[in-house]
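> Sequence first, predicted coordinates after that:
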Amino acid sequence: MRHRQFLQRRWLAPIALSAIVAGGAMWLYPPGETTRAGTGDRDAPDAQTVVPELSLQPQAGTKAPTGTGPDTSAAAPIAARTPETLGSAPFARSLEGTDIDGALKADANGRLIVDLGTRDFFDYFLSTVGEVSPEIALERIRALAFGHLPHEAARQAMALLDQYLDYKQQALALQAAPLDPARQNDPAYQQQMLEKAFTDLQQLRQTVFSPDAHRAFFGMEEAYGEYTLATLDIARRTDLTDGAKTALIDWHRNQLPEPLLQTERRLLETNEENRQRMETMKTADSPENAGQQLMDLGMAPDAAADVTAYLREREDFDARYRQYSEALAQLKESGLADADEAAQQARLLDQYFPDNKKHTWARLKMLGSNQP
């Protein structure tokens, strides 16, 4: 099984969002729980009291009372969870052959466990809006929640989804703010707008979500965003030496959460490894020497052999191209008419480069050197 692409899962059409949020509490709860006042059932809460009752957004500086709010502890034992797949007949074609990203989970007390997997679960289904109607995508989330979680955890999941949709709609409005056309190519202005967009999103998230849900959904993303903005700002500064810039960027990198820090270090190691390999291939005095040096740098023997073979092929091509260039220079001095010269040049190209790949390499090299 495979998972859907991350960027796909983070997308939701603005029109679809408006339609979803406009639905209000009608789709949040199972049938029979959206009874409105005046229906004759005096004990049934109306739609206006159900949503606030289940809100996961406590007042600033407070947390949900123990046993009533969602569980945001990363170490909470899982007592129930939604399935990992939709089976052989998913409701949207784009989901065919994929596992469900993330999951809704409940602890032993019947409370929702809120983590990044909760957000991924929502995005997995919401990414199908446009392919299917918002009602279909939301109904699948609701059915899985109430079908696999304790009742209270499912209610908390639906209330959190309501908040997430509200956030998505407001975030789209924020991101729609246009840039100043007169300044959009100014690096300082670009940096300023990036920082403003980042800060605005943080403030919006703090407004919509409880501190714990905010941290669970966006903590890693915001930590990396802060690191990225800091490195961009340091790179632009003209009052720092290269050594000082490197030291400051290293300091910011070390503030990242451990999973992000490990990923960033692996990327740096990979980039440095690639730089060393490219330098080796550029400076080696023979393809064989390049292959040996690449193995000394840790490249697998079969991969080094492939590089050696390719470099030999390029070496042979370069020798042939020098011969072709000499023959072409003689042709230009022959005094032939333009049409005849062009025909002879085509024959030379076929003669020296009968292989289609090398024929293409030669034409590209001619374009790069402005030769006819």
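Now that the structure is in, tell me what you want to look at.
> least trustworthy helix or strand in this structure by mean pLDDT?
Within the chain, judged by mean pLDDT, DSSP states H and E, the helix or strand with the poorest mean is helix 47-53; its value is a mean of 29.
> After that helix, heading C-terminal, what element do we hit next?
Following helix 47-53 in sequence order, the next helix or strand is strand 80-81 (DSSP states H and E).
> Could you list every helix and strand that that next one packs against?
Packing contacts for strand 80-81, counted by 3 or more C-beta pairs under 8 Å, 6 or more residues apart in numbering; DSSP states H and E, involve strand 105-106. For every residue, glycine as well, the C-beta is placed using N, CA and C.
> Run me through the strand neighbours of the strand it packs on, direction for each.
strand 80-81 (antiparallel), strand 112-113 (antiparallel) (DSSP bridges).
> ok, and what's touching that strand?
Strand 105-106 has contacts (C-beta atoms under 8 Å, 6 or more residues apart in numbering) with 78-82, 112-113, 115, 117-118, 149-150, 153.
> and the strands paired with strand 105-106, which is most packed in?
For the strands paired with strand 105-106, the largest average neighbour count (mean count of other C-beta atoms under 10 Å) is found in strand 112-113, namely a mean of 29.
> for the strands paired with strand 105-106, which one sits closest to Ala319?
Ranking those by proximity to Ala319 (C-beta to C-beta) places strand 80-81 first, at 63.5 Å.
> Enumerate every residue touching Ala327.
Ala327 touches 348, 352, counting by C-beta under 8 Å, 6+ apart.
> repeat that for 7 Å
Going by C-beta atoms under 7 Å, 6 or more residues apart in numbering, Ala327 touches Leu348.
> rewinding a little: now flag whichever of the contacts of strand 105-106 is closest to Arg277.
For the contacts of strand 105-106, the nearest to Arg277 is Gly117 (36.9 Å; C-beta to C-beta).
> Determine the number of other residues adjacent to the closest one.
18 (other C-beta atoms under 10 Å).
> related to what we said a few turns ago, identify whichever of the strands paired with strand 105-106 lies nearest to Lys365.
Closest among these, using C-beta to C-beta: strand 80-81, at 58.3 Å.
> what's the distance between that closest one and the middle of its chain?
Here strand 80-81 shows a centroid-to-chain-centroid distance of 27 Å under the convention C-alpha atoms, centre = their mean, to the nearest Å.
> That one - what's its average pLDDT?
In this model, strand 80-81 carries a mean pLDDT of 95.
> Next: stretch 338-349.
In the prediction, stretch 338-349 has an average pLDDT of 85.
> Okay, buried residues for it please.
Buried residues in stretch 338-349, counted by 16 or more other C-beta atoms under 10 Å: 341, 344-345, 348-349.
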